[in-house]
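Asks: Build me a model from this:
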Amino acid sequence: MYDLAIIGGGIVGLATGMAIAQKHPNSRILVLEKESSWAYHQTGHNSGVIHSGIYYKPGSLKAKLSHTGNLSMVKFCQQHGIAHEVCGKVIVATDPKELPLLENLYERGLENNLNVTKLSAEEVQEIEPHVSCLAGIKVTSTGIVDYRQVCLKYAELIQLQGGDLRLNTKVLKIVTTGNSQVLETNQGSFETKFTINCAGLQSDRIAKLGGVDPKAKIIPFRGEYYELTPEKRYLVKNLIYPVPNPEFPFLGVHFTRMIDGSVHAGPNAVLGWRREGYKKTDFDFKDFIEIITYPGLWKLAAKYYAEGIQEIIRSFSKAVFVQSLQRLIPEIRSEDVIPTHAGVRAQALMNDGFLVDDFLIIKGENAMHICNAPSPAATASIEIGKAIVKEIDIS
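Replies: Below you'll find the model as predicted:
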């Protein structure tokens, strides 16, 4: 009998396990991951940014936990010798109609208690010499890290506290029996007093196995990236973002220097036909039917069809993708970028066509389900884990 079982070995699941182990060192903890390694899906394919929290609605979980999570993540990396850098980022306006949006973003940064600075075009170029813009803001607390390395350290700390970590273990069924639950997997059954669902791209399905309707469905959005060739990395010093389009729920293509020194450009945001599909050709019939028959998707498409079409064109046309990059750095040329990895964002979508814009945490019987934890969940992971621990009693 385990005191607590966590389904999902991404950064949120492992951070939660670490938080439980630290607060309840004598508890029996189980972490189940269906893949062969930790951080296999969203965590292992993200851009490695330690976010500041500037974009999120003041007072929301995302705003609060990303701000405190930024500080916690940097401190954690310092304590454990994990390579990271607090390099800051610039957000720039390249069109006059973006200037009031930039001002709104600056005000939001102040509301979220961030150190943000207004920049003239000339001041932006002092930081990022190759950027062309009308104005910008600097966010000093943004950083970079390899979240796979963070996850490996989380897992190590759980094991040091006696936690039981199982890879290649897929949950197939959840049976509630009195005051406990039995998790039936491809590697046998495990009994636990309490279950925490951190299954990311599969979190809504796991919730339903546990008898909970999250009132939202995970819709996969694939984000594709290009990488600057090594001889062109000098064009980007740190992180360069456009002002996000308030009519579209994604940030737009941007430049990110990774902790290994490479520079990635992207992502776009296109609907995936497989929840765990990282290639354009990836397709799963069950996932496809589930997505295409969901009323919320069609309501979302009706609102954003023009932007969605543009994202699809950018996915299949390198020239169009490069044009988006040239808005920020005009001297970028097609031969300066090569395709690199893609990621999949597990975005919860409600039946009415509205995207769930905050972390979604649902309590069940002897269970808790984290059913929407896209970016900035990696940044906020330590604080998400702490918040979950406060809400449960495993004594």
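
Asks: What is the longest helix of this structure by residue count?
Replies: Within the chain, and with DSSP state H defining each element, the longest helix by residue count is helix 295-316.

Asks: export it as PDB, just CAs?
Replies: In PDB, the C-alpha atoms belonging to helix 295-316 read as follows (Å, rounded to 0.1, in the frame of the first residue of the first chain):
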ATOM      1  CA  PRO A 295     -17.600  20.800 -30.500                       C
ATOM      2  CA  GLY A 296     -15.200  23.000 -28.700                       C
ATOM      3  CA  LEU A 297     -12.600  22.700 -31.500                       C
ATOM      4  CA  TRP A 298     -15.000  24.000 -34.100                       C
ATOM      5  CA  LYS A 299     -16.000  26.900 -31.900                       C
ATOM      6  CA  LEU A 300     -12.400  27.700 -31.400                       C
ATOM      7  CA  ALA A 301     -11.700  27.400 -35.100                       C
ATOM      8  CA  ALA A 302     -14.500  29.800 -35.900                       C
ATOM      9  CA  LYS A 303     -12.800  32.500 -33.700                       C
ATOM     10  CA  TYR A 304      -9.300  32.000 -34.900                       C
ATOM     11  CA  TYR A 305      -9.600  30.500 -38.400                       C
ATOM     12  CA  ALA A 306      -7.500  33.300 -40.100                       C
ATOM     13  CA  GLU A 307      -4.600  33.000 -37.600                       C
ATOM     14  CA  GLY A 308      -4.900  29.200 -37.800                       C
ATOM     15  CA  ILE A 309      -4.600  29.200 -41.600                       C
ATOM     16  CA  GLN A 310      -1.500  31.400 -41.300                       C
ATOM     17  CA  GLU A 311       0.100  29.000 -38.800                       C
ATOM     18  CA  ILE A 312      -0.600  26.100 -41.200                       C
ATOM     19  CA  ILE A 313       1.000  28.000 -44.100                       C
ATOM     20  CA  ARG A 314       4.000  28.800 -41.900                       C
ATOM     21  CA  SER A 315       4.300  25.100 -41.000                       C
ATOM     22  CA  PHE A 316       4.600  24.100 -44.600                       C
END
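
Asks: Report the distance from that helix to the chain centre.
Replies: 20 Å (CA atoms, centre = their mean, to the nearest Å).

Asks: Next: stretch 367-379.
Replies: With CA atoms, centre = their mean, you get 8 Å for stretch 367-379.

Asks: From one end of it to the other, what's the distance?
Replies: This stretch, stretch 367-379, spans 24 Å end to end (CA to CA, to the nearest Å).

Asks: Quick one: mean pLDDT for it?
Replies: The average pLDDT for stretch 367-379 rounds to 95.

Asks: try stretch 325-337
Replies: In this model, stretch 325-337 has an average pLDDT of 97.

Asks: Give the buried residues for that stretch.
Replies: Of the residues in stretch 325-337, Leu325, Arg327, Leu328, Ile329, Ile332, Asp336, Val337 count as buried by neighbour count, 16 or more other CB atoms under 10 Å. Bear in mind the C-beta positions are built from the backbone N, C-alpha and C, glycine included.

Asks: Show me the residues you listed that map onto helices.
Replies: Per DSSP H, the buried residues of stretch 325-337 map to helices at Leu325.

Asks: Tabulate the buried residues of stretch 325-337 in JSON lines, adding columns for distance to Ile206.
Replies: Output for those, formatted as JSON lines (distance: CB to CB, whole Å):
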{"residue": "Leu325", "distance to Ile206": "38"}
{"residue": "Arg327", "distance to Ile206": "40"}
{"residue": "Leu328", "distance to Ile206": "39"}
{"residue": "Ile329", "distance to Ile206": "42"}
{"residue": "Ile332", "distance to Ile206": "42"}
{"residue": "Asp336", "distance to Ile206": "42"}
{"residue": "Val337", "distance to Ile206": "38"}
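
Asks: Do you have the strands of the stretch 101-250 of the chain handy? List them.
Replies: For the stretch 101-250 of the chain, the strands defined by DSSP state E, counting those that start in this stretch cover 116-120, 135-139, 143-145, 164-166, 171-177, 180-185, 188-192, 195-197, 216-228, 239-242.

Asks: quick one: which of these is nearest His369?
Replies: Closest to His369 of these, according to CB to CB: strand 195-197, at 4.2 Å.

Asks: ok, the residue nearest to Ile29 when sequence neighbours are not counted - contacts?
Replies: For Ile29, ignoring the flanking residues on the chain, the nearest one in space by CB to CB, 6 or more residues apart in numbering is Gly163 at 4.1 Å. Shown in contact with Gly163 (CB atoms under 8 Å, 6 or more residues apart in numbering): Gly17, Ala21, Ile29, Leu30, Val31.
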